[in-house]
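1. Please work out how this folds:
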Amino acid sequence: AALERVQPERVPPEQIHATLGAPWIPPGTVEYFAYSLFPGQTWGLHIAYVEPTATWTVTCTNPRIERSEENRSIVGAPRMYGLEILQDTLNLKIPVIYDEFEGVDGGTYRVKNEQESAAAQGKQVELRERWAAWAWADAERADSLANLYNARYNTMRPRTFCGAHLTFPGLASEMGGKPLTLQKHQVDGAARILSCGSGGGGAGGSGDEGTLLTWKVGSGKTLGAICGVVKRVQLGLSRRALFVVPKHTLPQWRAAFLSAYPGLADELIAATDDAFGPTNRKRFLSSIATGDARYALVTYEQFKSIPLSQETFQSHMGAEISDLRAHLDAAIAGSDEAKALKRAFKAREKTLLRFAARYEEAWARATATGDAPIMWDDLGVDLLVYDEAHYVKNDMFSTHMTNIAGLPRAESHRAFDARVKAHVTMHRGGVLIGL
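-> So this is what the prediction gives:
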C-alpha cells in the first residue's frame, strides 16, 4: 500500500506527444502507419530502428508502392519520393533538394533548390499531421502506445534527501567574518552525496554511482559540495577526492575549503600554475598518489593532461568498437540497417583513432624522461568532483538532427577524456559528483 501511494500517476494518451521517429515507438507500429499511406498495399515495406546509431531505415521491395501515385506526389514531392520523406522524418531530418552543376574545373558542385526543398518540407509537415491523427485514432493502439510510454518514461519517482540528522565535525563556526550555518538545501545535498555508491555499484555493478547538484548560481554550491565530500571521507565512504574546477576559480575553491575546514589544511593539495611543468609534474602527482592528502584541486587543463594508462584506454576504446561491431554483425547483411551501422562505425572509429593519437602523444611525453610516468590509474582517486560539468557535455553521441542551436558539430576531446576517467573511477567502486 505504501508503494502504491508513491507510484507516479499514469499519463493518459491525450497527454502524450508521440513524435514520428521517437525511439520508444515500435517499428511495427510505424510500419503499420506506412501501409496506411498506400491504400491496398499489404507487403513489401520494412521499417527498422537501429538503436546504437539512433537510425530509422525504410526499405521497400514492392514495386507497386514505389511506382504509386501516393509515393510520387500525394505523400511525396516532385523531387523526393514519399518513402524518402518518411525516412527523413523518422530520422528528424529536414528534406533538402540540391541541383548539381559542372564547374569550369570539371568538378561538380551542389546548390540548394529552395522551391523544391520547400515543397518536400511541406509534404513532411503533412506527413507528421497524418501521423498525429492516425496514432491515437484507434483506442486499442492508443492504449498500447500509452502503456509503452509509461513503462519507459513514467516509472521513476524522484528521490528526496534529508540531511537534518547530519553533523559536520571540523566545520568552522564562522566564514568570512559571519556565523557559518549551512542552509537546508546544502545539508540535503550533502546527504545526496553520501548516498552515492549505496546501490551496489562498483566493478560490474549498476548502483547509484554519482549525482549532479543543479543549484542556482549563488546558492552555495561550493560550500555544499565541500561539506558533502569531507563528510564522505570522514565516514570512510571515500578515500581520496579530486576536485576539477575552472582555472580562474581554483583560488576561490582553495580559500572556501580552508575557510570551511581550517583543520584540514594539511590534507588539501591545490595545484598551482607551474604544478604541471616539466620539473614539477611528477612531484605533484606523486604527492597525490602517495602522500597524506585526502583532497586535491586541479584545473580542467591539468586534469586533461593526466594520461590514462595505455591498457585502460585501449580496453575502453576496444569495448566501444566491439559494441558497435556486435550490432553490425547482428544486422541483416546488405540491409539498410547494416549500411547505416557501417557508416556510424566508420565515423566513430575515426573519432576514436583521432583521440588515440592524442593519447599516444601524451604517453610519449610522459615517458620521454625515461622515468615511469604517473597515470590516472595510479592516483587512487575514488571520488571525482567536476565543477561546471556542462563544459564536458559535448561528448560523442548518435543523432541525425541538424541545424539545431547548441547541438555540437564535433566531439570534444575534453568531454571524451572526462567520460573515460569517470567510467574508470566508477568501475573501480568510486563516485562521480557533477556540479
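2. Can you pull out the low-pLDDT segments for the stretch 51-200 of the chain?
-> Low-confidence segments of the stretch 51-200 of the chain, defined by pLDDT under 70: 198-200.
3. let's go with 90 and repeat that
-> The model of the stretch 51-200 of the chain has pLDDT under 90 over residues 51-55, 101-109, 155-160, 175-177, 196-200.
4. So which residues of the stretch 51-200 of the chain form helices?
-> 63-67, 69, 82-90, 114-135, 139-153, 184-195 (DSSP state H, counting those that start in this stretch).
5. Just name the most buried of those helices.
-> Stretch with highest mean neighbour count among these: helix 82-90 (a mean of 23; mean count of other C-beta atoms under 10 Å). For glycine as for every other residue, the C-beta is placed from the backbone atoms N, C-alpha and C.
6. and the gap between Tyr391 and Gln234?
-> Remark: distance between Tyr391 and Gln234 (C-beta to C-beta, to the nearest Å) = 29 Å.
7. I should have written Gly430 there, sorry.
-> 17 Å.
8. And those two? Which one has more around it.
-> The neighbour comparison of Gly430 against Gln234 (other C-beta atoms under 10 Å) goes to Gly430, with 25 against 15.
9. Next one: that one from Thr290, what distance?
-> As for Gly430, its distance to Thr290 is 18 Å (criterion: C-beta to C-beta).
10. ditto for Phe168
-> 28 Å.
11. Between those two, tell me which one has more neighbours.
-> Neighbours per residue, other C-beta under 10 Å: of Phe168 and Thr290, the larger number sits with Phe168, 19 against 12.
12. didn't the more buried one look like it was pressed against Cys227?
-> Yes. Shown here, Phe168 and Cys227 form a contact pair, counting by C-beta atoms under 8 Å, at 5.6 Å.
13. Pull up the overlap in contacts between the two.
-> Common contacts of Phe168 and Cys227 (C-beta atoms under 8 Å, 6 or more residues apart in numbering): Leu182, Ala190.
14. before we move on, back to that, any chance of TSV for the helices of the stretch 51-200 of the chain, columns distance to Ala415?
-> Output for the helices of the stretch 51-200 of the chain, formatted as TSV (distance: least, C-beta to C-beta, whole Å):
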stretch	distance to Ala415
helix 63-67	43
helix 69	49
helix 82-90	28
helix 114-135	32
helix 139-153	26
helix 184-195	23
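15. and after the helix or strand encompassing Lys350, which helix or strand comes next?
-> Assigned by DSSP states H and E, Lys350 belongs to helix 336-366. Once helix 336-366 ends, the next helix or strand along the chain (criterion: DSSP H and E) is strand 383-386.
16. by contact count, what packs against that following strand?
-> helix 221-234, strand 241-245, helix 413-427, strand 431-434 (3 or more C-beta pairs under 8 Å, 6 or more residues apart in numbering; DSSP states H and E).
17. which stretch among the ones you listed comes nearest Asp387?
-> Distance to Asp387, taken as C-beta to C-beta, is lowest for strand 241-245 among those, at 4.3 Å.
18. just how off-centre is the closest one within its chain?
-> Remark: strand 241-245 is offset 20 Å from the chain centroid, using C-alpha atoms, centre = their mean, to the nearest Å.
19. what's the average pLDDT for it?
-> Across strand 241-245, the average pLDDT comes to 95.
20. Partner strands of that strand and their direction?
-> Paired strands of strand 241-245, with direction, are strand 295-299 (parallel), strand 383-386 (parallel) (DSSP bridges).
21. Buried deepest among those strands, which one?
-> Highest mean neighbour count of those: strand 383-386, a mean of 24 (counted as mean count of other C-beta under 10 Å).
22. So which residues make contact with that one?
-> So strand 383-386 is contacted by 225, 229, 232-233, 238-244, 392, 418, 421-422, 425, 430-435 (C-beta under 8 Å, 6+ apart).
23. now stretch 125-140
-> With contacts defined as C-beta under 8 Å, 6+ apart, stretch 125-140 is touched by 13-14, 18, 20, 29, 33, 36-37, 75, 82, 85-86, 89, 141-142, 145.
24. ok, now with 6 Å
-> Contact with stretch 125-140 is made by Pro13, Ala18, Leu20, Phe33, Thr89, Ala142, as judged by C-beta atoms under 6 Å, 6 or more residues apart in numbering.
25. picking that back up, out of the strands paired with strand 241-245, flag the one nearest Trp215.
-> Between Trp215 and the strands paired with strand 241-245, the tightest spacing by C-beta to C-beta is seen for strand 383-386, at 14.2 Å.
26. Send me the closest one as PDB with only the CA atoms.
-> Output of strand 383-386 as PDB, limited to C-alpha atoms (Å, rounded to 0.1, in the frame of the first residue of the first chain):
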ATOM      1  CA  LEU A 383      35.700  10.500  -5.600                       C
ATOM      2  CA  LEU A 384      35.800  12.700  -8.600                       C
ATOM      3  CA  VAL A 385      34.100  16.100  -8.300                       C
ATOM      4  CA  TYR A 386      33.700  18.100 -11.600                       C
END
